[in-house]
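A.B. asks: I'll drop the sequence and a predicted model, then ask my questions.
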Amino acid sequence: MSETADRTTAIVLAAGQGTRMKSDRAKVMHELCGRPMVDYVLEAALAAGAAVAVVVVGRGREPVTEHLRETFGERVKAAVQAEQRGTGHAVACALQALPAPAEIAFVLYGDTPLLHPADLARLRDVVERRRTPLGLVTCRLPDPTGYGRIIRDGSGAVVAVREHRDASDEERAIDEVNAGVYAARVPFLRQALGDLQPDNDQGEIYLTDVVALGAARGGVADIAAPAASLAGINDRAQLARAEEAMYERIADLWRRRGTTVRAGARVDALVELGPDAVIEPGAALRGRTRIGARARVDTGAVLTDVAVANEAHVKPYVVAQDAAIGARAEVGPFAQLRAGTVIEEDARVGNFVETKKTRLRRGAKANHLAYLGDGDIGEGANVGAGTIFCNYDGVLKHRTVIGARAFIGSDSQLVAPVTVGEDAYVGTGTTVTLDVPADALAIGRAKQVNKEGYATRLRAKLEARSRKSR
Ligand code: UD1
Ligand code: CA
């Protein structure tokens, strides 16, 4: 890590109520592309070189703190703002949690997930180069209503930010706004926050008032950035639009790295895709799903925390969770792989097959209509249509073990716990209750009887009965 990085830190404000989300959850915990929005802000700050970040939490803070600890560990700390007395007060609450070597702090709002790390790095560079106590990002908006306006002097230098509700008509006509992205020198920040007064329309302590103090104590550096990456999320309509933009960004990232992600595929933030893999429209890849090189995931597949190896083919409408699919394996269409399923290389699972805690070893097949729970299916074994592993006796779950190359005829039930040996054969329609030795044939069905001419006589009898009843 560079020296600058060690001296850079970040403060992320996330204590507000988020009233307009109309939610019981803290606003920053609402997700886009499978991650809470605050994560994106933190990732941007860390990517821009912050060694540590302090998140200011308030309303509904327990789940936020817990999530941050699980996701970021030591790199992110929480500071509590018990009462929401304004953005300046929130930053003050973060100060004591800042690490000692911190010289420059990014100050960010937790509801701007589209932030680019490159803009943060650029902002810090300009503050360092111009040796100013403070820098901020501005952008121009066709409708600046609600935002703080950038006030410049005759030379074009930023001298203040005026909040919309405190602005004059003349100031409200300014279309250049405060994006809410700052880089500040920590000693200046400590001093300036102590000087802030709640003398505004809301009676709050505004962070934006440090801008005038910075202008008076060495100047405020500014950079412009496109509005699209600075959008703040206050309600679910804005969240939906930001999520669309984020899905597009994620898809483009993988496209640049050599994966085909067709329009309309949904690849969540923590998913990883291999080169030359193809993700078809309508596929949804969630959690920590990983797709190998040259693998294909078809329309309508929903994969959550699934590892798909190279050249595997996940056909349309496969639903899978906590599962692994081996190299060149084929799954679906319309299959469900539940938690603990392992499909090894070259194995095949076809339509209307449900698996749970079951391993299909290399080259094994279950091509149609089956329930395979708590099983181990040997290499090259073949499980026929309509096979059911009767794994549950109402109280306990039991295992079914099938040896390599065994053949399970269609419409068989295997009543677990039960074992079928290697190369054994289970006749169609058998209910297997006893272990089958290797190389044996198990058959357990009633012998068939054919009664010649019986169908004709039966039909005549039934028709006569129907005439009588009319
Ligand atoms: C703020 C800026 C405004 C800027 C806009 C950009 C201020 C006073 N105004 O306005 O200049 O144009 O963002 O989006 O800073 N928060 C706390 N504690 C508090 C109050 C707020 O942690 O006591 C957090 C909120 O959770 C939120 C962030 O600070 O993440 C911003 O607060 P918000 O009320 O949304 O500020 P805006 O009115 O959008
Ligand atoms: Ca806001």
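C.D. replies: Happy to help now that I have it. Ligands and ions are numbered 1, 2, ... in the order given.

A.B. asks: Please report the distance of the residue nearest to the spatial centre of the chain from ligand 1.
C.D. replies: Centre of the chain computed as the mean C-alpha position; nearest residue by CA atoms, centre = their mean is Gly34, 2.4 Å away. Gly34 sits 21 Å away from ligand 1, going by CB to the nearest ligand atom, to the nearest Å. Any C-beta I mention is one placed from the backbone N, CA and C, and that applies to glycine too.

A.B. asks: Look at the closest residue to Leu115 other than its chain neighbours and report its pLDDT.
C.D. replies: Nearest non-adjacent residue to Leu115, counting by CB to CB, 6 or more residues apart in numbering: Ala44, 4.5 Å away. Here, the pLDDT recorded for Ala44 equals 98.

A.B. asks: Just the element for Ala44, please.
C.D. replies: helix 37-47 (DSSP states H and E).

A.B. asks: buried set for stretch 277-290?
C.D. replies: 277-280, 282-286, 289-290 (16 or more other CB atoms under 10 Å).

A.B. asks: hang on, I meant stretch 352-368
C.D. replies: Under the neighbour-count criterion of 16+ other CB under 10 Å, stretch 352-368 has 353-366, 368 buried.

A.B. asks: Compute the number of surrounding residues for the closest residue in space to His398 that isn't next to it in sequence.
C.D. replies: Nearest residue to His398, sequence neighbours excluded (CB to CB, 6+ apart): Ala416, at 3.6 Å. Residues within reach of Ala416, counting by other CB atoms under 10 Å, total 22.

A.B. asks: same deal with Pro226?
C.D. replies: Around Pro226 there are 11 residues (other CB under 10 Å).

A.B. asks: how near is the closest residue to it other than its chain neighbours to Ile223?
C.D. replies: Leaving aside its sequence neighbours, Pro226 sits nearest to Cys139 (CB to CB, 6+ apart; 6.7 Å). For Cys139, the distance to Ile223 equals 10 Å [CB to CB, to the nearest Å].

A.B. asks: who has more neighbours, the two?
C.D. replies: With neighbours defined as other CB under 10 Å, Cys139 and Ile223 compare such that Cys139 has more, 22 against 19.

A.B. asks: Can you list the strands that the helix or strand hosting the more buried one pairs with?
C.D. replies: Taking DSSP H and E as the definition, Cys139 sits inside strand 134-140. Strand pairing for strand 134-140, using DSSP bridges, gives strand 176-185 (antiparallel), strand 220-224 (parallel).

A.B. asks: Report the contact partners of the closest residue to ligand 1 within the stretch 51-200 of the chain.
C.D. replies: Of all residues in the stretch 51-200 of the chain, Gly148 sits closest to ligand 1, at 2.3 Å by CB to the nearest ligand atom. When contacts are counted by CB atoms under 8 Å, 6 or more residues apart in numbering, Gly148 touches 161-164, 177-178, 180, 208.

A.B. asks: of all the residues in the protein, which ones are close to ligand 1?
C.D. replies: For the chain, the contact set with ligand 1 under CB under 6 Å from any ligand atom comprises 13-16, 56, 81, 84-87, 89-90, 109-111, 147-148, 161, 163, 177-180, 206-208, 232.

A.B. asks: Separate out the buried members of these.
C.D. replies: Buried subset of the residues of the chain next to ligand 1 (neighbour count, 16+ other CB under 10 Å): 13-16, 56, 81, 84-87, 89-90, 109-111, 147-148, 161, 163, 177-180, 206-208, 232.

A.B. asks: count of residues packed around Gly73?
C.D. replies: Neighbourhood size, Gly73 [other CB under 10 Å]: 8.

A.B. asks: State whether it is indeed within a helix.
C.D. replies: Yes: Gly73: assigned to a helix according to DSSP: H, G, I helix; E, B strand; the rest coil.
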